[in-house]
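Novice: Dropping the sequence and predicted coords here.
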Amino acid sequence: MITNMVRKYNDYCQAHFGKNVSLCTKIIHTIIGVADYVLLGSTVTDYFELTFYKKSFSEKRKYMTFRDSNHFAKAFDDLEEGWRLSKKTELMKWLEKYLHRKQINTTKMNMKEFTAFVNSTPVFLFKPSTGHRCR
C-alpha cells in the first residue's frame with residue numbers, strides 16, 4: 001500500500017513539475033501537502049488535481065476538500081434526500097438554481113438536442129455521471 005502511495009505521489013510530481021523533478025522539490029511539496037491535509041483536510045489528489053501548490057491558503061479554503069465532502073455526505077446520510085449525493089445527474093438537477101450554469105444529461109437526450117446544446121455553448125465541460133472529480 002505504501003509503495004502504491006509513493007508511486008502515485010511520484011507520478012503526480014512528474015506530471016505537474018516535470019520528469020526531472022528534484023528531491024528538494026518533492027520534499028517541499030510533501031511538507032506543504034501534509035500541512036494542507038492537517039489544516040484543510042485535503043488529500044494528495046486534492047493537492048495536485050486542484051493545483052493547491054499554485055494557490056494561497058485563502059484560495060485553498062474556498063474548495064471542498066476530501067474532509068469537507070465527507071462531512072457533507074455524513075450530514076445527508078440520514079436525510080430522505082441523501083441518495084441524491086451518489087447520483088451526480090440528480091444532484092446537479094437538485095442544485096440547479098445554485099449552480100448558475102447550463103447542464104445537460106446526455107443519457108436522456110438525442111443527438112439533435114446535444115448538437116443544439118454544443119452550438120449554443122461554445123465552451124463546456126464534460127463530466128462523467130459516475131465517479132468523482134473530472135477524470
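Specialist: Right, received. Where do you want to start? Numbers count the residues shown, from 1 in each chain.

Novice: Could you check how many residues crowd around Leu125?
Specialist: 8 (other C-beta atoms under 10 Å). Placement of C-beta: from N, CA and C, glycine included.

Novice: Find me the pLDDT at it, would you?
Specialist: Leu125 is assigned a predicted lDDT (pLDDT) of 74.

Novice: Skipping adjacent residues, who's closest to His29 in space?
Specialist: Tyr53 (6.0 Å; C-beta to C-beta, 6 or more residues apart in numbering).

Novice: likewise Phe57?
Specialist: Leu39 (7.7 Å).

Novice: And that neighbour, which helix or strand is it part of?
Specialist: Using DSSP states H and E, Leu39 falls within helix 23-40.

Novice: So, low pLDDT: which residues of this protein?
Specialist: Counting by pLDDT under 70, the ranges of the chain that qualify are 1, 77-86, 128-135.

Novice: Kindly state the domain boundaries assigned to it.
Specialist: For the chain, the structural domains run 2-60, 80-130, going by automatic domain parsing.

Novice: Report the contact partners of Thr51.
Specialist: Applying C-beta atoms under 8 Å, 6 or more residues apart in numbering to Thr51 gives the contacts His16.

Novice: just the domains of the chain: most buried one?
Specialist: When the domains of the chain are scored by mean count of other C-beta atoms under 10 Å, the highest mean neighbour count falls to domain 2-60 (a mean of 14).

Novice: chain center to that domain, what's the gap?
Specialist: Centroid separation for domain 2-60 versus its chain: 15 Å, with C-alpha atoms, centre = their mean, to the nearest Å.

Novice: As a quick check, tell me the outermost residue of this structure.
Specialist: Distance from the centre of the chain peaks at Lys112, with 30.1 Å (C-alpha atoms, centre = their mean).
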